[in-house]
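> Any chance you can model this:
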Amino acid sequence: MATKLDKPIKRELEIDGRTYTITIAPAGVKVVEKGKRKGVSVSWSAFVSGDAALAAELRASLDALPAR
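Down below sits the predicted model:
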């Protein structure tokens, strides 16, 4: 039986030499680079519905455009 997520859980993760704080909460997931205030948040409803994947694909396609 799984444990109910009723309060935020914070963990630290290193990716490509940078440290991030991952917060898993009842509202969703937030990833913030350590020492920074702003990060990326995804609600569980966006994650489950596929909106998060769509947003990631859109960002990748915009990043692929040549710089002006």
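> Tell me where the model's unsure across the protein.
Along the chain, segments meeting pLDDT under 70 span 65, 67-68.
> For the helix or strand containing V48, which outside residues touch it?
Secondary structure assigned from DSSP states H and E places V48 in helix 44-49. By Cβ atoms under 8 Å, 6 or more residues apart in numbering, the residues outside helix 44-49 that reach it are 27-29, 51-52, 55. The C-beta positions use only the backbone N, C-alpha and C, and glycine is treated the same way.
> Report all helices and strands that the longest helix anywhere in the chain contacts.
Within the chain, and with DSSP state H defining each element, the longest helix by residue count is helix 51-63. Taking 3 or more Cβ pairs under 8 Å, 6 or more residues apart in numbering; DSSP states H and E as contact, the helices and strands that helix 51-63 lies on are helix 44-49.
> Run the chain-centre distance for the helix it packs on.
Distance of helix 44-49 from the chain centroid (Cα atoms, centre = their mean, to the nearest Å) equals 12 Å.
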